[in-house]
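# Sequence first, predicted coordinates after that:
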Amino acid sequence: MAQITNSMPTAEMQALDAAHHMHPFTHGADLGKKGARIITRADGVWLTDSEGHRILDGMAGLWCVNVGYGRQELVDAATRQMSELPFYNTFFQTSHLPAIKLAERLAQLAPGDLNHVFFAGSGSEANDTNLRMVRTYWELKGQPSKKAVISRWNAYHGSSVGSGSLGGMKGMHAQGGMPIPDIHHIDQPNWWAEGGDMSPEEFGLARARLLEEKILELGPENVAAFIAEPVQGAGGVIIPPETYWPEISRILKEYGILLIADEVICGFGRTGNWFGSQTMGIEPDIMTIAKGLSSGYLPIGGSIVSSEIAQVIGDAEFNHGYTYSGHPVAAAVALENLRILDEDGIVDAVRDRTGPYLQKKFKGLTEHPLVGEATIVGMMGSIALTPDKDSRAAFEAESGTVGYICRERCFANDLVMRHVGDRMIISPPLVISEAEIDTLIERAWTSLDECHAELKRQGLMKAARAA
Ligand SMILES: *Cc1c(COP(=O)(O)O)cnc(C)c1O
């Protein structure tokens, strides 16, 4: 029997990895020279690599392992479902209990009249569904000209051609012919980097009003929807000023435009509520879900859709679906994951206990000489590295140079923290304890010290001149 073991020597695994494995979002040649860090086991918030290091996972994998690693209940749910019914589809008028129960549970948890679920295998797939669904909705309503979708620069909505076009990552758009037509981007509410002399409140309003300008430029009769993450995740954990979302909501209502809230990161407790839309006080027509839905134990995503849209779409045939829409094993695991989040009080802890504890400690990082701002909601946070706090200056070195150095120091100190440009971000498993939060902050502080020393050594503590 073929068996995968973790007993192969690290160098051998790295050589094979470099020889045959193409990595997502990775410079292949650079990785080949250095060799990947190989993760072999994980438990709670702790990863173990092939050299036996215990690493604190400050990113919950890729923002997804909300209940932490090593939950036997999820293994058991998968095992049970796999022996009973490992696969059946949900096309052509068939169904199965895991998909039915999961849809019911999501309808209970989701706010307002978001009562219907279309399943996908990932967040990217779900956003592709959303793009087709909102256009189909308006077509069925007799307004076929409503095709345009407005999004934001530096948004992340996935990596397929549709979802990558909805996203606002210029580096992604530069490869492979994106964005596709009829998708438009406005500037993001990133006050630290782009707010200039405005107060955060003024800036939030100004950035929200870009939506109104764009709608008027395109003509409201041509705009189907606005898509946004309640809090941008992969863009660097950008928490919008308080004035932003209320103004966006007003504009969408006024012009009759649908809101797709991409909850792939914000959902399932990350912000201290079941959904980021609740934390930000917004009322979407569709929510995109994935990641924390199954805590990453199996791939599953979907769209939670309002009764109005579901009814209009349901009155026709929606020529759309994925082989693995509502996959029974993934659905069974997701359902069990939702039970754990609920019954273990994990969402409550993020709101009332460990969440506030992490927030207080994390904000303390602003006392470090390299750290300009530290912002955090629930358990997603970011710090802006800067050579000059008062002017909120960027570094003279190309964006990401300093962030990369800091991330490497974190790695060396057995802490996973990611960098987005020169912002450092965290999104730990939601089960992280107070003692583990202390360790996270200590390791972050040490890494910042080492990064600071390295920047001085390399002469990189220089501010870019104002543009
Ligand atoms: C990760 C992510 C996606 C894409 O999900 P995949 O499962 O990687 O396809 C979409 N939206 C947001 C906000 C994400 O963070």
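Here it is on my side, so go on.

# Okay, buried residues for stretch 177-192 please.
Residues 178-179, 183-186, 188-192 are the ones in stretch 177-192 that count as buried (16 or more other C-beta atoms under 10 Å). Heads up, the C-betas are built off the backbone N, CA and C, glycines and all.

# same thing with stretch 231-246?
231-241, 243-245.

# now, the most widely separated pair of the residues you listed?
Ala234 and Thr243 (23.7 Å; C-beta to C-beta).

# and the ligand, which of the buried residues of stretch 231-246 contact it?
233-234 (C-beta under 6 Å from any ligand atom).

# Helices - which of the buried residues of stretch 231-246 land there?
Among these, the ones falling in helices (DSSP state H) are 244-245.

# Quick check: which element contains Met82?
helix 72-84 (DSSP states H and E).

# just the angle between the next helix or strand after that helix and helix 72-84, please?
Sequence-wise, the next helix or strand downstream of helix 72-84 (DSSP H and E) is helix 97-109. Per axes from the mean of the first three to the mean of the last three C-alpha atoms, to 10 degrees, the angle that helix 97-109 makes with helix 72-84 is 140 degrees.

# and after helix 97-109, which helix or strand comes next?
strand 114-120.

# Just the buried residues of the next helix or strand after that following strand, please?
Next along the chain after strand 114-120, taking DSSP H and E as the criterion, comes helix 123-140. Residues of helix 123-140 classed as buried: 123-131, 133-140 (neighbour count, 16+ other C-beta under 10 Å).

# just checking, what packs against helix 123-140?
Contacts defined by 3 or more C-beta pairs under 8 Å, 6 or more residues apart in numbering; DSSP states H and E place helix 123-140 against strand 114-120, helix 161-166, strand 223-228, strand 258-262, strand 286-289, strand 301-306, helix 307-314.

# Out of these, which is the most enclosed?
strand 286-289 (a mean of 29; mean count of other C-beta atoms under 10 Å).

# So which residues lie in contact with that strand, not counting its own?
106, 110, 114, 123, 126-127, 130, 133-134, 157, 225, 258-264, 267-268, 275, 277, 301-306, 309 (C-beta atoms under 8 Å, 6 or more residues apart in numbering).

# if we look at the ligand, which of those residues are close to it?
123, 127, 157, 262, 264, 301.

# Format those residues as a markdown table; extra columns: pLDDT.
Listed next are these as a markdown table, based on pLDDT from 0 to 100:
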| residue | pLDDT |
| --- | --- |
| Gly123 | 98 |
| Asn127 | 98 |
| His157 | 98 |
| Asp262 | 99 |
| Val264 | 98 |
| Gly301 | 98 |
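
# need those residues in CSV with distance to Met461, can you?
Output for these, formatted as CSV (distance: C-beta to C-beta, whole Å):
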residue, distance to Met461
Gly123, 38
Asn127, 40
His157, 35
Asp262, 36
Val264, 36
Gly301, 42
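
# Name the nearest of these relative to the ligand.
The nearest member of these to the ligand, counting by C-beta to the nearest ligand atom, is Gly123 at 2.3 Å.

# Contact partners for the closest one?
157-158, 163, 262, 264, 288-291, 301.

# Quick check: phi and psi on the closest residue in space to it that isn't next to it in sequence?
With sequence-adjacent residues excluded and distances taken as C-beta to C-beta, 6 or more residues apart in numbering, Gly123 is closest to Ala290, at 3.5 Å. Ala290 has phi and psi values of phi -170, psi -140 when expressed as degrees, to the nearest 10.

# Equivalent analysis for Asn337, please.
phi -60, psi -40.

# what's near enough to touch the residue lying closest to Val420 once chain neighbours are set aside?
Spatially, and ignoring its direct neighbours in sequence, Val420 is nearest to Gly236 (3.8 Å; C-beta to C-beta, 6+ apart). Residues in contact with Gly236 (C-beta under 8 Å, 6+ apart) are 154, 190, 382, 420-421, 423, 425.
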